[in-house]
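Engineer: Pasting a predicted model and its sequence here:
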Amino acid sequence: MAVRHIYTYQNPLVQKDVELVAAVLEAGGVIAYPTDVNWAFGCDSASTKAIDKIRMLKPTHPKEQPFSLICESISMASEYGNIEHTAYRILRRALPGPYTVLLERNRSLPRQIKDKRKVVGIRIPDSQLVQGIVRQLGRPLASTSIPEVSAFSAQGSKEVPRFGYQVFEAFGHSSLLDLLLDLGEESIGAETTIVDLVDGAPVIVRVGAGDPALFQV
């Protein structure tokens, strides 16, 4: 059976769609959705079964590397990662935006996140839709970008999907994916900029869509 593919809006948010997505996530489902820079797979970060399904959808994701936690605010992020005063000032300047921030695991990391990672990767996308879903769910999404695929390429070469219909062509008949949420817009298909704040001072790990200059102290 084909994956359910729904179109929605984010300005304003369609609350019934947000509630539908949250219900799918709470039931252990996996979604494909647009972030502020790319398409991603996402699930309830408390569902180990759903996380395993994403790993099967994206077998190239390193086994030892946890997925990013998609939060809706710096306040939520502080429940999962240790954010000191200097880091907070930097994050206030840069987020929401196309960044993945590496933080030391908060000692009070909620028990429902069932892993023993010492470092957490936090994302707060500049997307009302994503923030609304996380807010409705009440906890972060575990998420990873959708990999390059060849299903929609006439030449057979692998490309990063930029449209929802391309994601559907590649994964729409997979029993591992439950719902595809689509804004009907083209994604820029970029990676995030990764910034390491574990030791306090920002270290740029990867330059992507986000301007690294925003992390200058």
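Structural biologist: All right, it came through fine.

Engineer: any idea how far the closest residue in space to residue 205 that isn't next to it in sequence is from residue 203?
Structural biologist: Closest residue to residue 205 apart from its sequence neighbours, by CB to CB, 6 or more residues apart in numbering: residue 194 at 4.1 Å. All C-beta spots, glycine's among them, are computed from the backbone N, C-alpha and C. Going from residue 194 to residue 203 by CB to CB, to the nearest Å gives 9 Å.

Engineer: May I have the strands that pair with the helix or strand where residue 104 lies, each with its orientation?
Structural biologist: Element membership of residue 104 [criterion: DSSP states H and E] is strand 99-104. When pairs are called by DSSP bridges, strand 99-104 turns out to pair with strand 119-123 (antiparallel), strand 193-196 (parallel).

Engineer: Follow the chain on from the last one and name the next helix or strand.
Structural biologist: So that's strand 193-196. Sequence-wise, the next helix or strand downstream of strand 193-196 (DSSP H and E) is strand 203-206.

Engineer: Describe which strands that following strand pairs with in its sheet and in which direction.
Structural biologist: Strand pairing (DSSP bridges) places strand 203-206 next to strand 193-196 (antiparallel).

Engineer: and the partner strand, what's its mean pLDDT?
Structural biologist: For strand 193-196, the mean per-residue pLDDT is 97.

Engineer: is it possible to export the strands paired with strand 99-104 to TSV including mean neighbour count and distance to residue 138?
Structural biologist: Formatted as TSV, the strands paired with strand 99-104 follow (neighbours: other CB atoms under 10 Å; distance: least, CB to CB, whole Å):
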stretch	mean neighbour count	distance to residue 138
strand 119-123	22	17
strand 193-196	21	26
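
Engineer: Secondary structure element holding the closest residue to residue 32 other than its chain neighbours?
Structural biologist: When the adjacent residues along the chain are set aside, residue 32 lies closest to residue 180, with 4.6 Å between them (CB to CB, 6+ apart). Using DSSP H and E, residue 180 maps to strand 179-182.

Engineer: Could you list the residues in contact with that strand?
Structural biologist: Contact partners of strand 179-182, identified using CB atoms under 8 Å, 6 or more residues apart in numbering, comprise 3-8, 17, 20-21, 24, 29-34, 129, 164-165, 167-168, 171-172.
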